[in-house]
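Novice: 3D model of this:
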Amino acid sequence: MLTNSSRSQSFLGANSHQAIHIHWDLFDGSLAWFCVVGGIQDLITAVCSTFWEMDTLAPRNGPIIISSVLLLYDYLLTFDLEVNYIWTHPLTFRSTLFFLNRYTPFVDTFLSLSGLSVFLTVHECETRSQVISVFIFIGIAISEIILMLRVYALWGCRRWVLVLFLCMSIGEIICVALIVWKQLTSIHMLQTLEGCISSGSSNELLHLAPFVLLALTETVLAILSVIKGYQDLRNTRERWVVELYKDGLLYYLYLLVLSIFNIFSPWIRPAWGPFLVTPQRVLHSLFCNRILFFLLKVGVDEEQKERERERLQGGYYGGRAGDWGTSVEEGEGVRFTTVQMDVVGTVR
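Specialist: You can find the predicted model right below:
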């Protein structure tokens, strides 16, 4: 019988080999993934080029439209991955997190897009704004949970990492929830030729606090990932390990740029406010989906290798469904401890 260490290489259990064959070139430097990255770069370039050209009206239409297109494009691009790795398996805590992270952005993003209409009443604008704020808060919280679980798994489910993340999460959720509630009770919208816009905030710092907390949290995650990556990459040069850390750092840099824009844009152009909220929300979701798909791919590959080894040795495979993370067998240099998503794994 296999040990827990070697059995934890699967994400999806004993039936994942039945998943439909897909073209993994989406995550192998393909043109399609470069199109997504190019869309992100175009978004940032467009924002920078218009930042000094408008003084009164917020250039929010462009970011919202681009974010909507990018969200839909990425969904179509990765739909086959969802079918292969999620739909063909029972509903678990892991897959529930995935569905929430995957589909809630469509609600607030397209509500934001509909808010550009000039045919809405002030009451409809305010109702939309309240729903959008709640969904953005919930969606980013889910994305942060996924990112924390990833770093927690990389650190081998260490107790101090768990305690650190619990303290950070509880403190951040309470603070941001109070800020969102304060904003919801003081929303005043105006109908203009550009659609619904806020009539202004009595406290600019109230708008900035969530983005500052978010930037600090993701900086902590990035630092922990870099430290662990430095330790692991000295012992292995496996391609998937390098990509895991490289992509994680790249995602952090993109999100940090958006956080900085949202923090400082209200000071430089007060009429704009944090106008990149929608892009930041969408990219949080897309990046977390990419991380999940990448790890699922590695998990399936490791399971297939394990099955082949067991077949050659005349043994059997005893993998468990619901694993989060991957592991490399002892003696191969790097070993990632699995985080059980359906039954919480052992905390060391």
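Novice: for the stretch 101-250 of the chain, just list every one of the helices.
Specialist: 122-154, 159-184, 204-233, 239-268 (DSSP state H, counting those that start in this stretch).
Novice: quick one: buried residues of the first one?
Specialist: The reference is to helix 122-154. Neighbour-count burial for helix 122-154 flags 124-126, 128-130, 132-133, 135-137, 139-154 (criterion: 16 or more other Cβ atoms under 10 Å). Just so you know, the C-beta spots here come from the backbone N, C-alpha and C atoms, and that holds for glycine as well.
Novice: got it, and the last one?
Specialist: Of the residues in helix 239-268, those buried under the neighbour-count criterion (16+ other Cβ under 10 Å) are 240-241, 244-245, 248, 251-252, 254-255, 257-259, 261-263, 265-266.
Novice: do the shortest one as well
Specialist: Residues of helix 159-184 classed as buried under the neighbour-count rule (16+ other Cβ under 10 Å) are Val161, Leu162, Leu164, Phe165, Met168, Glu172, Val176, Ile179, Val180, Gln183.
Novice: which stretches of the stretch 151-300 of the chain have low pLDDT?
Specialist: For the stretch 151-300 of the chain, applying pLDDT under 70 flags the ranges 191-196, 199-205, 269-273.
Novice: circling back: what's the closest of the buried residues of helix 159-184 to Gln280?
Specialist: Nearest to Gln280 among the buried residues of helix 159-184: Val176, at 13.6 Å, using Cβ to Cβ.
Novice: tell me which residues touch that closest one, please.
Specialist: Phe137, Ala141, Ala209, Pro210, Leu213 (Cβ atoms under 8 Å, 6 or more residues apart in numbering).
Novice: could you dump the residues you listed to TSV with distance to Asp80?
Specialist: TSV is the format used below for the contacts of Val176 (distance: Cβ to Cβ, whole Å):
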residue	distance to Asp80
Phe137	31
Ala141	28
Ala209	40
Pro210	35
Leu213	36
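Novice: got the buried residues of helix 159-184 as CSV, with distance to Gln231 columns?
Specialist: Shown next, in CSV, are the buried residues of helix 159-184 (distance: Cβ to Cβ, whole Å):
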residue, distance to Gln231
Val161, 14
Leu162, 19
Leu164, 17
Phe165, 19
Met168, 22
Glu172, 27
Val176, 32
Ile179, 37
Val180, 38
Gln183, 41
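Novice: farthest-apart pair in the residues you listed, please.
Specialist: So, the buried residues of helix 159-184 by Cβ to Cβ: farthest apart are Val161 and Gln183, at 31.9 Å.
Novice: would you tell me which one of the buried residues of helix 159-184 comes nearest to Lys228?
Specialist: Of those, the one sitting nearest to Lys228 (Cβ to Cβ) turns out to be Val161, at 9.7 Å.
Novice: I figured the closest one hits Tyr152, correct?
Specialist: Yes: if you go by Cβ atoms under 8 Å, Val161 and Tyr152 touch, sitting 5.4 Å apart.
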